[in-house]
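Novice: okay, structure incoming, though there's no sequence with it:
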C-alpha cells in the first residue's frame, strides 16, 4: 500500500483562450516579446548554472507545498493500493477480466505471436470477414482497441471517465502494404531532387540519408503506427483524420488528449534534412566547447567565450567574423553564449529551405546542406508546417491537448524542434501542445533540460510526455549496419535512471514555477510510486493538473484505475479504427505484449485473484455501475 497526499476528487477546468494565428518558423521577435521573458543579458552567463542550482535545491525548499498550503486548501492523506483488486477492476465485468487473462496468456506464446498474421489470415478464410471481425472484437481487438469510429468509442471513454480515467485518442489505422512497397515509398519520399539527380556537392551524413534495407520503418517496431508518404493529397487526408480525432476527443471527454504523428503530415525528406542540420549545429557547439575545456558538462552548463571562440576560428583559418553570425545581437552580448543562444541562429529565417544550412568553419560562413532546392520541395516543407498549425488551432477550438508522438532518431530532432515551435505559439497561456521525450536515448536529459530552460526564458508552458521508447531494436540494428554511434542507452537500468532523472528535473521545475507539465507514460509500478513520492515531497497536488499518468488501453488497469479513483489525472492511450484497418497495429501490439506479459506475472495474478473473489462472494455476474 502506498500513501500519498492527495485530494478527494480531480478538478479539470480550463478557460477558452483565443489565440492569434501565426506562421510557424517566421520572424516574430519571440525572444524579446514573450510574456515573462527575462532580458537577454540576464539569460546569458550563469543562467543555466542558476537553473541547475534551483533544481538541486527544490527538494529541501519545497516551495510547492508552501504555495499549496497558503491557499488554504486542505489535502487528505489517502492510500493508493496497487494490489487491491476490487478497486482496480471495479470498472470491468467478469467477462472482461476473463478476456484479459486469455489474451495476455496467448500473447506470451512465441509461436502464436510470431505467426499471428498468418493465423489471422487463416481465420478470415475459415470464418469469413464478418464472423472474424466479431471474433476479434471478443478477443484481441476488444482488449486493446476502443471501437471502429468516434461514435463506437464513446461508451468506453465515458465509462473510463466515470471511474477517473481520461483518454488520449489515437486513430490507429495503418496502411497494409508489403515490405517492398514500403521500401519503395520511403526511397522516393526521403531523397531530394538534388540527391536523385546527383546535382552538386552536398554535406549529408549517412545516418540522415535513406537506406533501402531500413526503408520499411515498421521492422522491429512495436506499439507505434507507421506512415509512408504517398503524395500531398494523402497528407491532407491524414490531417483530416487527425481533425476528426480531435473533435471526437473534445466531444467524448473533458480535458482530453489527441495523438498525432508528424510523418503523417508531410514529406519525410524535410524531417531528415532538418534533423541533420540541427544535429550538426549542436555537434559543432559541443566541439567548440571542448576546445575551451568544457568537456563532460551537461548541455546547459556548456558556455562559449566569444573572444576565445573568434581566436580559435581565426587559427583554423576562418575568414568570417563570428559575431556576424549573431546579427544585431553583438551589443547585447554578455561575452558568452550557451546552446540555446547558439540554436537561435536559425530561428529568424523566413524561407524554409534557409533553415537547412550548416556552419563552414574554414569560410566562417553558413552554407546550404544541399546544392539545390526545388520550388516544389519548398512548398512541401511549408505545407507540413501549415498542417501542424491547423491541427493546433482545432485542438484549441475543441478544448483538447495535442500529443506529438516521438519517432526514429533520424527524424526526431526536427520533430522535437517543430513541436517546440508550436509550443512557443500555443502554450503561452496554458499547455496545449505536448512533446514526447524518449528516455532510452543517451541525449534525453540534455533535450529535456534545454527545452525547460527555453520555456522559462520565453515565458511559455513546458509540456512533455516521458516514455522509455518504442524503436530500440530498429535503431540499434540500423546504427550497427550503417556505421554510426548507437543512440540508445546500453541497458534497461541506464534507461530507467535516465527516465527518473528527466522526470525529477521536470517535477522540480513544476514545484519551482508551476509553469511546466508532464505525463508519466509508464507501465512500471516503481516509476509510478517514485512519481507519487516526489509529488508528496514537493507538495504537488493532483488537482493542479500538472502531473499526469498514462498507460495503454487494456494494460495495467491495476495502476490506472486506483490512481484515477484517488484523484490523480490518469489517461489511457485509446486506439480506435475499423477492425480490418487496425490489424497491422494489433499484430505489432501482440509482439509487444509477448515480452511485456512474460514479465507481467503480477497482473495475471491480480486478475485471477479478482475473479476468484467474485466467485466466492457471489459477484461473478458483477457489472459496473456508473
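Specialist: Sure thing, it's come through. In this text, all values refer to a predicted model and were calculated from it rather than measured experimentally. Residues are numbered from 1 along each chain as shown.
Novice: the closest residue in space to residue 211 that isn't next to it in sequence: what's it in contact with?
Specialist: Here the nearest residue to residue 211 in space, its sequence neighbours aside, is residue 482; by C-beta to C-beta, 6 or more residues apart in numbering that works out to 6.0 Å. Quick note: C-beta positions are derived from backbone N, CA and C, even for glycine. By C-beta atoms under 8 Å, 6 or more residues apart in numbering, the contact set of residue 482 is 206-207, 211, 214.
Novice: try 7 Å this time
Specialist: Under the criterion of C-beta atoms under 7 Å, 6 or more residues apart in numbering, the contact list for residue 482 reads 206-207, 211.
Novice: tell me where the stretch 101-250 of the chain has helices.
Specialist: According to DSSP state H, counting those that start in this stretch, the stretch 101-250 of the chain carries its helices in the segments 110-114, 116-127, 129-138, 140-144, 154-162, 179-190, 193-197, 232-252.
Novice: JSON lines for those, including distance to residue 584 and mean neighbour count?
Specialist: Output for these, formatted as JSON lines (distance: least, C-beta to C-beta, whole Å; neighbours: other C-beta atoms under 10 Å):
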{"stretch": "helix 110-114", "distance to residue 584": "15", "mean neighbour count": "13"}
{"stretch": "helix 116-127", "distance to residue 584": "9", "mean neighbour count": "14"}
{"stretch": "helix 129-138", "distance to residue 584": "13", "mean neighbour count": "15"}
{"stretch": "helix 140-144", "distance to residue 584": "12", "mean neighbour count": "23"}
{"stretch": "helix 154-162", "distance to residue 584": "22", "mean neighbour count": "17"}
{"stretch": "helix 179-190", "distance to residue 584": "11", "mean neighbour count": "17"}
{"stretch": "helix 193-197", "distance to residue 584": "29", "mean neighbour count": "15"}
{"stretch": "helix 232-252", "distance to residue 584": "16", "mean neighbour count": "19"}
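Novice: quick one on the thing from earlier: and the contacts of residue 482 as JSON lines, adding distance to residue 136 and pLDDT?
Specialist: Conversion of the contacts of residue 482 to JSON lines gives the following (distance: C-beta to C-beta, whole Å; pLDDT from 0 to 100):
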{"residue": "206", "distance to residue 136": "42", "pLDDT": "88"}
{"residue": "207", "distance to residue 136": "39", "pLDDT": "92"}
{"residue": "211", "distance to residue 136": "35", "pLDDT": "90"}
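Novice: if any of these are buried, put those into a PyMOL selection.
Specialist: This is how PyMOL selects the buried members of the contacts of residue 482, with burial counted by 16 or more other C-beta atoms under 10 Å:
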select buried, resi 207+211
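Novice: and the pLDDT for residue 308?
Specialist: The predicted structure scores residue 308 at 83 on the pLDDT scale.
Novice: okay, and it sits in which element?
Specialist: Using DSSP states H and E, residue 308 sits in helix 306-315.
Novice: sorry, back to before: of the contacts of residue 482, just say which sits nearest to residue 527.
Specialist: Distance ranking of the contacts of residue 482 against residue 527, using C-beta to C-beta, places residue 207 first at 30.2 Å.
Novice: and the nearest residue to the closest one once chain neighbours are set aside, what's its pLDDT?
Specialist: Nearest residue to residue 207, sequence neighbours excluded (C-beta to C-beta, 6+ apart): residue 484, at 4.6 Å. Model confidence at residue 484, expressed as pLDDT, equals 93.
Novice: do you know how far residue 484 is from residue 410?
Specialist: Counting by C-beta to C-beta, to the nearest Å, the gap between residue 484 and residue 410 amounts to 10 Å.
Novice: now, which of the contacts of residue 482 sits nearest residue 133?
Specialist: Relative to residue 133, the closest of the contacts of residue 482 is residue 211; by C-beta to C-beta it sits at 37.5 Å.
Novice: if I look at the closest one, how far off is residue 111?
Specialist: Counting by C-beta to C-beta, the separation of residue 211 from residue 111 is 32 Å.
Novice: and the end-to-end length of stretch 400-409?
Specialist: One end of stretch 400-409 to the other measures 27 Å (C-alpha to C-alpha, to the nearest Å).
Novice: please disregard the earlier target; I meant stretch 507-527.
Specialist: From the first residue to the last, stretch 507-527 extends over 13 Å; the measure is C-alpha to C-alpha.
Novice: name the residues that touch that stretch?
Specialist: 54-55, 58, 63-64, 82, 431, 434, 452, 461-467, 499, 503, 506, 528, 531, 534, 538-540, 546-551, 555-556, 559.
Novice: among those residues, which are located in strands?
Specialist: With strands taken from DSSP state E, the overlap with those comprises 434, 462-467, 547-551.
Novice: in this structure, which residue is closest to the centre?
Specialist: What sits nearest the mean C-alpha location of the chain, by C-alpha atoms, centre = their mean, is residue 436, with 1.7 Å.
Novice: what ranges of the stretch 201-350 of the chain fall below the confidence cut-off?
Specialist: Scanning the stretch 201-350 of the chain with the threshold set as pLDDT under 70 gives 201-203, 220-224, 253-254, 316-334, 345-350.
Novice: who does residue 572 form a beta bridge with?
Specialist: residue 167, residue 551 (DSSP bridges).
Novice: just confirm it contacts residue 560, I think it does.
Specialist: Yes - if you go by C-beta atoms under 7 Å, residue 572 and residue 560 touch, sitting 6.3 Å apart.
Novice: okay, and the common contacts of these two?
Specialist: Overlap of the contact sets of residue 572 and residue 560 (by C-beta under 7 Å, 6+ apart) consists of 165, 551.
Novice: what's the neighbour count on the closest residue in space to residue 449 that isn't next to it in sequence?
Specialist: Distances taken as C-beta to C-beta, 6+ apart put residue 300 closest to residue 449, at 5.4 Å, once the chain neighbours are dropped. By the measure other C-beta atoms under 10 Å, the count of residues near residue 300 is 20.
Novice: where does residue 300 fall, phi/psi-wise?
Specialist: The phi and psi torsions at residue 300 (degrees, to the nearest 10) take the values phi -70, psi -30.
Novice: kindly report the same for residue 459.
Specialist: Residue 459 has phi and psi values of phi 80, psi 30 when expressed as degrees, to the nearest 10.
Novice: same check on residue 436?
Specialist: Main-chain dihedrals, residue 436, degrees, to the nearest 10: phi -110, psi 130.
Novice: now it, nearest residue through space, not along the chain?
Specialist: By the measure of C-beta to C-beta, 6+ apart, the closest residue to residue 436 outside its immediate chain neighbours is residue 406, 4.0 Å from it.
Novice: no more questions from me, cheers.
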